[in-house]
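Participant: Give me coordinates for this.
(chains A, B and C)
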Amino acid sequence: MQRDEKQLDNSLEATIQRVQDLKGSLSALLVKLETEYTLNWPSVLDSFALLSGQISSLNKLLKHEKTPLLRNYVLLPLLLSPDRDADLEKLTEGRVLAFNHEVVPDYLRTKPEPDVEERQQHISKQASNMTVENAQKQMNAVNRISTQLLDMITSFRDEWELAQKTSQQQTSSIADTNTLLAAVNFGKGLKSGSENVHSSQSQPSPAEHAQPGRQASSSMKAPSSIKTNIKSASSLHPYQR
Amino acid sequence: MGVVCVASYPVPEGKSGQQIVDVLQSRLEQLGAEKSGQFNVDCETYQSQVPSAQNRLVHLLHNSEQPATCFAVLDTGTCLVADNLFNLLMLKLKNFYPTRKGFKIESKGQRYSLGDFIIKIGSVTFGQNISFKGILVEVEYCPCMVPGDCWDLMKEFMQGFMGNCVENPSNYLKTKMDIMYTPADTIQQYLEHFKTFRKESLAVTR
Amino acid sequence: MESMLAAMNKKIVPLQEYFLQGSVLDASRDILLHRLRGICDNIGGIEKFQDHEMVYTIGTNANNVLQLRARRALDDPEAPWLLRYVGEPDFGDRSKHTLVRSSIDVGTSDNLVQFLTEMGFRLDHEFVVSGHFFRKGRMKITVSKIYRLLQPGDTDKVEALSKSYLVELGVVTVSGQDQVQEEMKNFAEHLKPLVHLEKTDLRKLQQMGT
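Facilitator: Next up, the predicted model:
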């Protein structure tokens, strides 16, 4: 019995810790959204990644075999008091001032909130009233629309990436960099009266051209999705707010 | 920056350079000149090791009046005015233009100001053992930029405390009478005097 | 002179240049300029330049040649001439993000060419470089076109050397400021994939030419 209690204590503590972390990251993200003038997409992505990591670790914790099934426990409020409770206030960071008749039913509910419950009931009633035939028709329609949307998104992304890749190849050429650097540093193609101007400019370029092209496309493939995001985000919100 | 005249002041037999400097300084102070710090003009010489410019000399001069500048003067008379970092370039050139050892010559001493004039009385020292070679007096008349317009005035002022050792403008200054005066011209005048001092002392040692 | 050497020993003279190089095709230049205007510090002001650079060498023996670069602004005749020495870049250290070379920049009077010629320097080659410059903190970014002179000395008749603009990112600073490399790497990232600023091994280019 004592062992069980200890386990419950431990797991509760761990859960509280996880939730605390999650809350911290959420507020950090909110602050970021509110205050940072030049918010960039990678930084938002970082925050999201952190959040999803924390949520999954919280889930893992709750499903862990060492964690007792919390729903099997009963919490019984023994004493309600209309007076302000300083400890409780501190514990809840000022959200709950007193453990009184007004708040307790809300906070200790194990079911959804009343109006949510009502809407849920309404929907399930509607659903049960529908004929099987009708439902099947609607399901098919939804499926069709989603597949279409998915197709559109994929094809658009492919196109976009392709455009990115081709436009990127056009913006710079390693052969030209080399020509320019050789000229500026060693005077290649600049010395007056020298014959090597044309040969150095045109001859090696086809071979060189092929190589950088391949190099660039393979090296750029991996991070392209991230880049896509940066671009689209910045074009949507040039000034963030 | 105005017009500058650099003149050498003779040291008679039997007197030390310091005595003459003291005499000149006390004359200036009696005229009401006020001390305004020290000054220093120095010159290093580099000699060519390049076949394409045989025996060419580069004189590298600094003037405390233009502390961020150095002046590189060729024996052809071309004077390049450059940032102080030019010194480091000369180090890079040491394979082609090594320093002539023991050839450093320098004029330094007291700087005075008196109305529109700045007067500098410098003792010239030369070589590795920094031996005294003579006295150079520099007088600058600040309000004017063209030597021809103020030469007579400057001459009169200089004769006032230097006597008759200043009679005519130097050959160099004669060519500059009608054009705007620049700091490089001061350097050229110093270099002329430095060359003479070097020649004299080399002739003595031989 | 003594004070100069003292300053050098105290490492307060800017003698190191950290740099990265790349190029951008003519068609994409405006996109690059636009991006640079967005991320760099110069707001308004002049950002264009047009220079004439003459490269002089002294010495005959292949191992004992010194190269100096004389540069003048064609668009501002009043500006001082620039005499520049650049050392061999250090390619050895792969862990470093940028190339490093020693560099001495000296402003001079306008008789520089005469001075160098009389000193025994010979004109090796010359070119016109014109373009835009930007700065970001202590970094300098230039986007410039290199032109060949059709007639020696005549900067009015020129021909573009390639269909690209040379892009250079550099910092001239005192020695031992390796942390600036991180800054430069991050900046170069911002220009990708438009321009790839890289450590180009100039030695390979030189061998290619001979």
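Participant: When you work out contacts or count neighbours from here on, use the C-alpha atoms and nothing else.
Facilitator: Fine.
Participant: May I have stretch B:66-85 exported as CSV, CA atoms only?
Facilitator: Output in CSV follows, covering the C-alpha atoms of stretch B:66-85 (Å, rounded to 0.1, in the frame of the first residue of the first chain):
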residue,chain,number,x,y,z
GLN,B,66,51.6,65.8,-39.6
PRO,B,67,51.7,62.8,-37.3
ALA,B,68,49.5,60.5,-39.4
THR,B,69,51.4,61.0,-42.6
CYS,B,70,54.7,59.9,-44.0
PHE,B,71,56.5,61.3,-46.9
ALA,B,72,58.5,59.1,-49.3
VAL,B,73,60.8,61.1,-51.5
LEU,B,74,62.8,59.7,-54.4
ASP,B,75,66.1,61.1,-55.5
THR,B,76,64.3,62.1,-58.7
GLY,B,77,62.3,64.6,-56.6
THR,B,78,59.0,62.7,-56.7
CYS,B,79,57.4,63.0,-53.3
LEU,B,80,54.6,60.5,-52.3
VAL,B,81,52.5,61.6,-49.4
ALA,B,82,51.0,58.6,-47.7
ASP,B,83,49.4,57.2,-44.6
ASN,B,84,51.7,56.1,-41.8
LEU,B,85,51.2,52.5,-42.8
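Participant: got a list of contacts for that stretch?
Facilitator: With CA atoms under 8 Å, 6 or more residues apart in numbering or on different chains as the test, stretch B:66-85 has contacts from B:56-63, B:86-87, B:184, B:187-188, C:4, C:104-109, C:111-112, C:114-115, C:118-119.
Participant: Now a ChimeraX select for only the buried ones of these.
Facilitator: In ChimeraX, this line selects whichever of those come out buried by 16 or more other CA atoms under 10 Å in any protein chain shown:
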select /B:56,57,58,59,60,61,62,63,86,87,184,187,188 /C:104,105,106,107,108,109,112,115,118,119
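Participant: In strands, which of the contacts of stretch B:66-85 appear?
Facilitator: By the criterion of DSSP state E, membership of the contacts of stretch B:66-85 in strands covers B:57, B:58, B:59, B:60, B:61, B:62, B:63, C:104, C:105, C:106, C:107, C:108.
Participant: In a markdown table, list the residues you listed along with distance to chain A.
Facilitator: Converted to a markdown table, the ones in strands among the contacts of stretch B:66-85 look like this (distance: CA to the nearest CA, whole Å):
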| residue | distance to chain A |
| --- | --- |
| B:57 | 29 |
| B:58 | 28 |
| B:59 | 30 |
| B:60 | 29 |
| B:61 | 32 |
| B:62 | 33 |
| B:63 | 36 |
| C:104 | 16 |
| C:105 | 16 |
| C:106 | 19 |
| C:107 | 20 |
| C:108 | 22 |
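Participant: what inclination does the lengthiest helix in chain B have with respect to strand B:57-63?
Facilitator: For chain B, the helix with the greatest residue count under DSSP state H is helix B:183-205. Interaxial angle, helix B:183-205 versus strand B:57-63 (axes from the mean of the first three to the mean of the last three CA atoms, to 10 degrees): 120 degrees.
Participant: Now do the buried residues in helix B:183-205.
Facilitator: Buried-residue list, helix B:183-205, by 16+ other CA under 10 Å: B:183-191, B:193-194, B:197-198.
Participant: how about the strands in chain C?
Facilitator: C:16-25, C:48-58, C:66-73, C:81-86, C:99-108, C:122-136, C:139-149, C:158-160, C:164-173.
Participant: Of those, give the one that comes closest to residue A:54.
Facilitator: strand C:122-136 (38.0 Å; CA to CA).
Participant: How many neighbouring residues does residue C:126 have?
Facilitator: Counted with other CA atoms under 10 Å in any protein chain shown, residues neighbouring residue C:126 total 26.
Participant: List the beta-bridge partners for it.
Facilitator: residue C:54 (DSSP bridges).
Participant: What parts of chain C come near chain B?
Facilitator: C:1, C:4, C:58-59, C:66, C:85, C:104-109, C:111-112, C:114-115, C:118-120 (CA under 8 Å from any CA of the partner chain).
Participant: Mind doing that once more with 6 Å?
Facilitator: Residues of chain C lying near chain B by CA under 6 Å from any CA of the partner chain: C:106, C:107, C:108, C:109, C:120.
Participant: Quick one: work out the angle between the longest strand seen in chain B and helix B:183-205.
Facilitator: Longest strand of chain B, by residue count under DSSP E: strand B:34-47. Going by the same axes, to 10 degrees, strand B:34-47 is angled at 70 degrees with respect to helix B:183-205.
Participant: Let me know how buried residue 81 is, in neighbour terms.
Facilitator: Chain wasn't specified; assuming chain A. Around residue A:81 there are 10 residues (other CA under 10 Å).
Participant: not quite, I wanted chain C
Facilitator: Neighbour count of residue C:81, defined by other CA under 10 Å: 23.
Participant: gap between it and residue B:41?
Facilitator: Plainly put, residue C:81 is 25 Å away from residue B:41 if you go by CA to CA, to the nearest Å.
Participant: try residue B:76
Facilitator: From residue B:76 over to residue B:41 the distance is 21 Å, taken as CA to CA.
Participant: out of those two, which sits in the busier spot?
Facilitator: Applying other CA under 10 Å to residue B:76 and residue B:41 shows that residue B:41 carries more neighbours, namely 20 against 12.
Participant: pretty sure the more buried one is touching residue B:107, no?
Facilitator: Yes: Residue B:41 lies in contact with residue B:107 (CA atoms under 6 Å); the separation is 5.3 Å.
Participant: Mind listing what's buried along stretch C:68-76?
Facilitator: C:68, C:69, C:70, C:71, C:72, C:73, C:74.
Participant: Next: stretch B:159-173.
Facilitator: Per 16+ other CA under 10 Å, stretch B:159-173 contains these buried residues: B:161, B:162, B:166, B:169, B:173.
Participant: got it, and stretch A:30-39?
Facilitator: A:32, A:39.
Participant: Run the chain-centre distance for that stretch.
Facilitator: Its chain's C-alpha centre and that of stretch A:30-39 lie 16 Å apart, by CA atoms, centre = their mean, to the nearest Å.
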